[in-house]
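Student: Got a predicted structure here, sequence first:
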Amino acid sequence: MEKENKILQQKKLKFSIHSCSSFSSSYLPQNILDDKPSDQASRWSSDTNTPPQFITLKLEKTAVINNITFGKFEKTHVCNLKRFQVLGGLDEDSYLELLDTGLKNDNVTESFSLRHHLNKQFYPINYLKIIPLQSWGPSFNFSIWFVALFGDDDYEMTQKCIKWHKEYKEKETIRLCLKHFRQHNYLDAFESLQKKTKIQLEHPLLTELHSILVKDGDYTKTEELMKKCMDDGIFSGYMSRQHPKPLWTPLILPGDVYIEENITTPMPSTSTSTPTPTTDPDTDPTNSSRPEENQVFIPTQPTARGGHQLVLDHINQNVYLFGGWDGTQDLADFWVYNVQLSKWTQLSSDTESEGGPPPRSCHKMVLDPNYRQIFVLGRYLERGLRDSQNNIRSDFFVYDIASCKWTQITDDTSAMGGPSLIFDHQMCLDFDKRNIYVFGGQSLFVFPTGDERPSSEKKFSGLYVYHIPTNTWTLLWEDGEVKTPGFPPLRSRTGHSMLFNTHDRKLYIFGGQRKRDEYLNDFFTYNIDTAEVLFLSDGNSTGDAAIPAVGYTQRATIDCKRNEIHVMTGLNKDKDKDKRSGEARVSNSFWVYEIGASRWSVIYRNENNEPGYWTTRQTIEPRPRYAHQLVYDEEKGYHYMFGGNPGGKEGKDGRLRLGDFWKLVLQRPQNSDLERFCRFVIKKARFYELKSDPLTALAYLQNELSNCVNHEDKAEEREFQLLAGQIFNQDNDSPNHQTRSDLFDKLVKFFPVDMTQPIGNLLDLIPQESKPPAEPTQMTT
């Protein structure tokens, strides 16, 4: 049966209360059937908080449930569930975890996506069990006010799914038996069961491999078959799942960073042209090496800063940097780094004096590589300057690279139907249709005269699109808008990530922050052609697409060719605050999200935050930071990172900003690496069989096995050296069949799962102790 492609109905499902662990006073479990947020007694409340506490719901009809909604009391309440689990099953003996999350302690109804697939098929259930684990008030009992379930209870669909799961379990049970019989060389039982059931254990290619290796012991043919599989691309899936290794290269070392006070700021240029990236002051004939009395020394690299912006022109191999905050003031200098020359050039020391944007930080830039234009939008404004309408105008600029000229598109995008002044937003460019998408960020606005401004009130910007050819703005959705009934609202935020995938033409949006202690972990896409919103993770589920704890000032890039997203972390959530200083911790980690597989994986992590430690490693890897910038060259596979704030007292009290510049290459394993490793493990198994003849084994070790070892890998080299000591140790030798079977199991891991024998083992299903029946069996006639 193919994977179920039917789209589930989103209907409200009927259910009854089946059972509960306990209840107190008049807080009966039936109360959760009615949504009465103003009635304090309209809830189920457990009689104790001693686990296990639960309430079990029985569906009126078997259904596939994909959403659960919790209503709440009109005020915050100590008995609200801070953490709970949801289980589901066809009967009460076969529960599967569907959700592990918690409710916010407020009066806002919350909806959660439930796991509703098993083995790539819809998973129908009859019973749903909610298990409270923690209340918001310590030592208080648990309360649930209202529950609604949504999904599909179509009879034909659910019965088809039940039949498929039953047949699948029967088939997998037989395959586990076949695997067990073959592993233990019970060949008669193996052949009899396979003949009776006509069920294949694996793909014929793997059966051939098992015959050559385990049955015949032909290691040469085993190597040849593995090489053929490699050449035929059978291992491409395995290779794509291998984590790359990060290789950092410093382009500006921390010790080589310019300090602002030591630099003489050049006078603004009166020329109509600005230096091009390829200008070399050392070869310019007008550049005299003799010091002049009024000579102005132009810096040769940007100063330290955070909150700046980088964009990359992959066609001309240039990285552009503009603005930022140096710990004391906003900056308006404009730089370009030429990758081929490994050289920085200052295009302007003050863009405002040349008709460009004034000093700023927390802005965003996008670069159009075809039209060679850079667009700049947004800026942070000090709180004391936000009371004037003139101060919070949202200016919008474009820089033409060919003519080296700035143009102000408008002095206020809100007057054109665009966003008001925003900061910490995100921008993406669809260069095919020449549309710029702007999402989120904190909006700055002036309160009406006489109104007292709430200190904690924030306003967030929605999703806008700017069409470059027509100079027009369009609002696509506002903050908090619900695009699909039954699914979470689209909440704007700051400190998030937004990336545009040119292949599927979707915006990928995740992470961010709204209030001081409110962090968003949702992950969703927006199709810019169809306006369809798809939640990959609602921020509460624990599936593969659920975003990791990447922080709330993470930096992200996308590789559309490899179909993956890269994320470098920044500040962690406040639960990870340094206990000594109370400051949010900054950590180094790098994550990769495989879009096709909907899977996150961490490829690099270093959480040491001591300045002394990083002093010793400043040539090896960058220290943890936030407010840095990261750009990616998809063609070459290179990341470039500049600057940032190290956090802690250095960044806050000392106002330290970073000015180091790094290149990051993700070194990915090659087919040749896997081919060599396969030859190594195959020859190692062959060596163990030759141990009975020590001289032959020694010659084989020196002449055959040594050539397959990666001698630069310390662990592998050590393993190879220990093999020599095994030659004259004949104790604990495994039978040849066991050695070959173990090697076969190791080689099978490189093949696609749909080709291989089952992953589990039959022995793991046998309980350690057989339990007697709960009641004695009655004699009947």
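Tutor: Received, thanks. Residues are numbered from 1 along each chain as shown.
Student: Show me what the longest strand along the chain packs onto, helices and strands only.
Tutor: Counting residues, the longest strand found in the chain (DSSP state E) is strand 55-71. Using 3 or more CB pairs under 8 Å, 6 or more residues apart in numbering; DSSP states H and E, the elements in contact with strand 55-71 are strand 11-13, strand 15-20, strand 81-89, strand 110-113, strand 125-135, strand 146-152, helix 155-183. The C-beta positions use only the backbone N, C-alpha and C, and glycine is treated the same way.
Student: neighbouring strands for it, and are they parallel or not?
Tutor: Applying DSSP bridges, strand 55-71 is found paired with strand 15-20 (antiparallel), strand 110-113 (antiparallel), strand 125-135 (antiparallel), strand 146-152 (antiparallel).
Student: JSON lines for those, including mean neighbour count?
Tutor: Written out in JSON lines, the entries for these read as follows (neighbours: other CB atoms under 10 Å):
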{"stretch": "strand 15-20", "mean neighbour count": "17"}
{"stretch": "strand 110-113", "mean neighbour count": "19"}
{"stretch": "strand 125-135", "mean neighbour count": "21"}
{"stretch": "strand 146-152", "mean neighbour count": "21"}
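Student: right, and these - which one's nearest residue 351?
Tutor: Residue 351 lies closest to strand 110-113 among those, at 45.8 Å (CB to CB).
Student: Contacts for that closest one next, please.
Tutor: The set of residues external to strand 110-113 that reach it, using CB atoms under 8 Å, 6 or more residues apart in numbering, is 66-70, 72, 86, 99, 101, 103-104, 486-488, 535, 537-538, 540-541.
Student: Pull the CA coordinates from it and hand them back as PDB.
Tutor: Listed next in PDB are the C-alpha coordinates belonging to strand 110-113 (Å, rounded to 0.1, in the frame of the first residue of the first chain):
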ATOM      1  CA  GLU A 110      -4.200  27.000  22.500                       C
ATOM      2  CA  SER A 111      -4.200  24.400  19.700                       C
ATOM      3  CA  PHE A 112      -1.600  21.800  19.000                       C
ATOM      4  CA  SER A 113      -0.800  19.500  16.100                       C
END
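Student: from the chain's centre, how far out does that strand sit?
Tutor: Its chain's C-alpha centre lies 21 Å from the corresponding centre of strand 110-113 when counted by CA atoms, centre = their mean, to the nearest Å.
Student: What average pLDDT does it get?
Tutor: Along strand 110-113, the predicted local confidence has a mean pLDDT of 90.
Student: Name the next helix or strand downstream of it, please.
Tutor: Following strand 110-113 in sequence order, the next helix or strand is strand 117-118 (DSSP states H and E).
Student: From the contact counts, what lies against the next helix or strand after that following strand?
Tutor: Using DSSP H and E, the next helix or strand after strand 117-118 towards the C-terminus is strand 121-122. Strand 121-122 sits against helix 155-183, with contacts defined as 3+ CB pairs under 8 Å, 6+ apart.
Student: Tabulate the CA atom coordinates of the helix or strand just after the helix it packs on in PDB.
Tutor: Following the chain from helix 155-183 toward its C-terminal end, the next helix or strand by DSSP H and E is helix 187-197. Extracted in PDB, the C-alpha atoms of helix 187-197 (Å, rounded to 0.1, in the frame of the first residue of the first chain):
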ATOM      1  CA  LEU A 187      18.600 -22.300   7.700                       C
ATOM      2  CA  ASP A 188      16.000 -25.100   7.600                       C
ATOM      3  CA  ALA A 189      13.600 -23.000   9.600                       C
ATOM      4  CA  PHE A 190      14.400 -20.000   7.600                       C
ATOM      5  CA  GLU A 191      13.700 -21.600   4.200                       C
ATOM      6  CA  SER A 192      10.500 -23.300   5.500                       C
ATOM      7  CA  LEU A 193       9.000 -20.000   6.900                       C
ATOM      8  CA  GLN A 194       9.900 -18.100   3.700                       C
ATOM      9  CA  LYS A 195       8.400 -20.800   1.500                       C
ATOM     10  CA  LYS A 196       5.200 -20.900   3.500                       C
ATOM     11  CA  THR A 197       4.600 -17.100   3.800                       C
END
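Student: Just the buried positions in helix 187-197, please.
Tutor: In terms of neighbour count (16 or more other CB atoms under 10 Å), helix 187-197 has its buried residues at 190, 193-194.
Student: What's the mean pLDDT across that helix?
Tutor: If you average the pLDDT values across helix 187-197, you get 95.
Student: Buried residues, the next helix or strand along the chain from that helix. List them.
Tutor: For helix 187-197, the following helix or strand on the C-terminal side (DSSP H and E) is helix 204-210. Of the residues in helix 204-210, those with enough neighbours to count as buried (16+ other CB under 10 Å) are 206, 209-210.
Student: got the CA positions of helix 204-210 in CSV?
Tutor: Once non-C-alpha atoms are left out, helix 204-210 reads as follows in CSV (Å, rounded to 0.1, in the frame of the first residue of the first chain):
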residue,chain,number,x,y,z
PRO,A,204,17.5,-9.5,-3.8
LEU,A,205,20.7,-7.5,-3.9
LEU,A,206,21.2,-7.9,-0.2
THR,A,207,20.3,-11.6,-0.4
GLU,A,208,23.1,-11.9,-2.9
LEU,A,209,25.5,-10.0,-0.6
HIS,A,210,24.6,-12.3,2.3
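Student: Now do the one helix or strand residue 744 maps to and helix 155-183, the angle between them.
Tutor: With the criterion set as DSSP H and E, the secondary-structure element containing residue 744 is helix 736-748. For the pair helix 736-748 and helix 155-183, the angle between their directions (axes from the mean of the first three to the mean of the last three CA atoms, to 10 degrees) equals 140 degrees.
Student: Just the buried ones from the contacts of strand 110-113?
Tutor: Looking at the contacts of strand 110-113 with 16+ other CB under 10 Å, the buried ones turn out to be 66-70, 72, 86, 99, 101, 103, 486-488, 535, 537-538, 540-541.
Student: contacting residues for residue 80?
Tutor: Residues in contact with residue 80 (CB under 8 Å, 6+ apart) are 72-73, 103, 105, 135-136, 143.
Student: repeat that with 6 Å
Tutor: If a contact means CB atoms under 6 Å, 6 or more residues apart in numbering, then residue 80 has 103, 105, 136 as its contacts.
Student: For residue 120, see how far away it is.
Tutor: Counting by CB to CB, to the nearest Å, the separation of residue 80 from residue 120 is 35 Å.
Student: try residue 395
Tutor: The gap separating residue 395 from residue 120 is 51 Å, by CB to CB.
Student: When these two are compared, which one has more neighbours?
Tutor: Set side by side, residue 395 and residue 120 show unequal neighbour counts under other CB atoms under 10 Å, the larger going to residue 395 at 18 against 9.
Student: got the phi/psi numbers for that one?
Tutor: Torsion angles at residue 395 (phi, psi; degrees, to the nearest 10) stand at phi -80, psi 160.
Student: Just give the closest residue to residue 225, not the sequence neighbours.
Tutor: Computed as CB to CB, 6 or more residues apart in numbering, the closest residue to residue 225 that is not its neighbour in sequence is residue 209, at 5.7 Å.
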